[in-house]
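S.K.: requesting a structural model of the entry that follows:
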Amino acid sequence: MATIRPFSALRPAAEHAKDVASVPYDVVNTEEARAVAAGNPLSFLHVSRPEIDLPPGIDVYSDAVYQRAVANFQKLTAAAPLQAEQQPSLYLYRLVMGDHQQVGVVACCSIDEYDRDVIRKHERTRRDKEDDRTRHMVMLRAQTGPVFLTYKARAMINDLVVAGMSSDPLYDLTASDGVRHTIWRVDNSAPLVAAFAEVPLLYIADGHHRAASASRARAELREQNGSHNGKEDYNFFLTVLFPDTQLQILAYNRVVRDLNGLSVSEFLEALREQFVVTENAGPSPAERGQWSMYLGGKWYGLQLSLEATLPIGAVASLDVSILQDRLLDPILGIADIRTDKRIDFVGGLRGTRELERLVDEGKATVAFSLYPTTVNELLMVSDAKEIMPPKSTWFEPKLRDGLLIHQI
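M.R.: Have a look, this model is predicted:
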């Protein structure tokens, strides 16, 4: 059963919360982070992406980068200022983007339960990214951004969350992208702790590297602690838990630089061996099992032909898997989308106009628009203890770093 734990959040003064709050470290590269944080010394990107305050071209995994993270964290603690709550608490975090709204519980979850797969995964992590966030956590002795978890919705938890939003919020801010972020402190955490104790499983929606790094940081700090008892803060990691019924997954589309030596006519002929190809299609597929393709200035619709063997299995039947197994690999020669430089990805709100732009400007030859992976598919893959293909899910809206920090 799921264990959630209140914690004494380190958090900024309300008047500086909007300046401190930043996008997650892994949704911007160094240049983008430098641009976003320009002119804002309180931006948490100075802590999560400290290389922005060092000379361009520096190795982002160098000692100087982590040392700057520590220095910037200390500077921000004094300037914001960041202050620790006197009493451990749970918090509620509401995100509003247009007509979409979701409310999660901010809590610390058990690393033991992560290691035992009570908290389930669907993504394979990269060692270099784990190394980075592990070192960041250990040197700061803090988890500065939450892992995005989900669970199968329960009426009791929904009722407790609604009741918890009746008080005045700690923060209520609208970010530059128009997303509204509101956070409340829960006055009495016990009912929510008890309600989550009845939840059999939690699922990582986004933040696999943060979770894996928290586990590795715990192992390192435990080794250093001769009086380890399992109750230390480093045995838990910062999370926001949302019900599955409130999640919003957007499409994660693909663009390919060339046709693998094929002419347009040869490429279309090869497609028709597996797919029904229609012209003048819409830029977004209407349902699962359909794909839209932008080539030569127009949109085509793709659907597996009746003669094609239907895939079986939680992963093999995903639209991203079918596109990879039936088209990208055998026709375009892209066997590993993690390493092949001929493919790129366009996720979230950039949408199909970005696909058209990339092809029309000659930066890609063909683009594929996918139907978004569903939350139910994510849960099925996680329950099967399988791994989704890379770049399968893009969650919106994004949580902000720096508003609630867990010190370890």
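
S.K.: hang on, residue 328 packs against residue 255?
M.R.: No. Look at residue 328 against residue 255 with C-beta atoms under 8 Å: they stay out of range, at 11.3 Å. In this view, the C-beta of every residue, glycine as well, is placed from N, C-alpha and C.

S.K.: common neighbours of these two, please.
M.R.: residue 343 (C-beta atoms under 8 Å, 6 or more residues apart in numbering).

S.K.: for the chain, what's the longest strand?
M.R.: In the chain, assigned by DSSP state E, the strand with the most residues is strand 100-110.

S.K.: for the closest residue to residue 254 other than its chain neighbours, give me its contacts.
M.R.: The shortest distance from residue 254 to any non-neighbouring residue, by C-beta to C-beta, 6 or more residues apart in numbering, is to residue 368 (4.6 Å). Going by C-beta under 8 Å, 6+ apart, residue 368 touches 253, 254, 255, 256, 291, 292, 293, 294, 323, 327.

S.K.: quick check: the last one is in a strand.
M.R.: It refers to residue 327. No. With DSSP: H, G, I helix; E, B strand; the rest coil as the criterion, residue 327 is assigned helix and is not in a strand.

S.K.: please report how far it lies from residue 172.
M.R.: From residue 327 across to residue 172, the span is 46 Å (C-beta to C-beta, to the nearest Å).

S.K.: these two: which is more packed in?
M.R.: More neighbours surround residue 327 than the other of residue 327 and residue 172, with 23 against 15 (other C-beta atoms under 10 Å).

S.K.: so where do the helices sit in the stretch 251-400 of the chain?
M.R.: Here the stretch 251-400 of the chain has its helices, by DSSP state H, counting those that start in this stretch, at 264-271, 319-323, 351-360, 375-383.

S.K.: cool, and the stretch 101-250 of the chain?
M.R.: Using DSSP H, counting those that start in this stretch, helices in the stretch 101-250 of the chain cover 111-115, 127-140, 155-164, 190-196, 208-224.

S.K.: need the winner for burial among these.
M.R.: Highest mean neighbour count of the helices of the stretch 101-250 of the chain: helix 208-224, a mean of 20 (counted as mean count of other C-beta atoms under 10 Å).

S.K.: now the angle from it to strand 100-110?
M.R.: In terms of direction (axes from the mean of the first three to the mean of the last three C-alpha atoms, to 10 degrees), helix 208-224 departs from strand 100-110 by 20 degrees.

S.K.: can I get helix 208-224 in PDB? Just the C-alpha atoms.
M.R.: Provided in PDB are the C-alpha atoms of helix 208-224 (Å, rounded to 0.1, in the frame of the first residue of the first chain):
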ATOM      1  CA  HIS A 208      11.700   8.800 -13.800                       C
ATOM      2  CA  HIS A 209      15.300  10.300 -13.600                       C
ATOM      3  CA  ARG A 210      14.400  12.300 -10.500                       C
ATOM      4  CA  ALA A 211      13.000   9.200  -8.800                       C
ATOM      5  CA  ALA A 212      16.000   6.900  -9.800                       C
ATOM      6  CA  SER A 213      18.400   9.600  -8.600                       C
ATOM      7  CA  ALA A 214      16.600   9.900  -5.300                       C
ATOM      8  CA  SER A 215      17.100   6.200  -4.800                       C
ATOM      9  CA  ARG A 216      20.800   6.400  -5.600                       C
ATOM     10  CA  ALA A 217      21.200   9.500  -3.400                       C
ATOM     11  CA  ARG A 218      19.600   7.600  -0.500                       C
ATOM     12  CA  ALA A 219      22.100   4.700  -1.000                       C
ATOM     13  CA  GLU A 220      25.000   7.100  -0.900                       C
ATOM     14  CA  LEU A 221      23.800   9.100   2.100                       C
ATOM     15  CA  ARG A 222      22.900   5.900   4.000                       C
ATOM     16  CA  GLU A 223      26.500   4.600   3.400                       C
ATOM     17  CA  GLN A 224      27.800   7.800   5.000                       C
END
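
S.K.: for that helix, give the mean pLDDT please.
M.R.: Average pLDDT, helix 208-224: 97.

S.K.: and what of stretch 61-79?
M.R.: Here the average pLDDT along stretch 61-79 is 98.

S.K.: from residue 295, how far off is the residue of the chain most remote from its centre?
M.R.: In the chain, the greatest distance from the average C-alpha position (C-alpha atoms, centre = their mean) is reached by residue 265, at 38.4 Å. For residue 265, the distance to residue 295 (C-beta to C-beta) stands at 11 Å.

S.K.: tell me which strands and helices the longest strand of the chain is in contact with?
M.R.: strand 4-5, strand 91-97, helix 155-164, helix 190-196, strand 236-243 (3 or more C-beta pairs under 8 Å, 6 or more residues apart in numbering; DSSP states H and E).

S.K.: nearest to residue 301, out of these?
M.R.: Among the helices and strands packed on strand 100-110, the nearest to residue 301 by C-beta to C-beta is strand 91-97 (28.8 Å).

S.K.: direction included, what does that closest one pair against?
M.R.: Strand 91-97 sits in its sheet next to strand 100-110 (antiparallel), strand 180-185 (antiparallel), going by DSSP bridges.

S.K.: of these, which is nearest residue 229?
M.R.: Residue 229 lies closest to strand 100-110 among these, at 14.4 Å (C-beta to C-beta).

S.K.: which of the contacts of residue 368 are buried?
M.R.: With burial judged by 16 or more other C-beta atoms under 10 Å, the buried subset of the contacts of residue 368 is 253, 254, 255, 256, 291, 292, 293, 294, 323, 327.

S.K.: need those in CSV (columns: pLDDT).
M.R.: Converted to CSV, these look like this (pLDDT from 0 to 100):
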residue, pLDDT
253, 97
254, 97
255, 98
256, 98
291, 98
292, 98
293, 98
294, 98
323, 97
327, 97
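
S.K.: the residue nearest the centre of the chain and residue 277: what is the separation?
M.R.: In the chain, the centroid-proximal residue (C-alpha atoms, centre = their mean) is residue 206; its distance is 3.4 Å. For residue 206, the distance to residue 277 equals 34 Å [C-beta to C-beta].

S.K.: what about the nearest residue to residue 136 once chain neighbours are set aside, how many neighbours?
M.R.: Of all residues not flanking residue 136 in the chain, residue 69 sits nearest, at 6.1 Å (C-beta to C-beta, 6+ apart). The local packing of residue 69 (other C-beta under 10 Å) involves 22 other residues.
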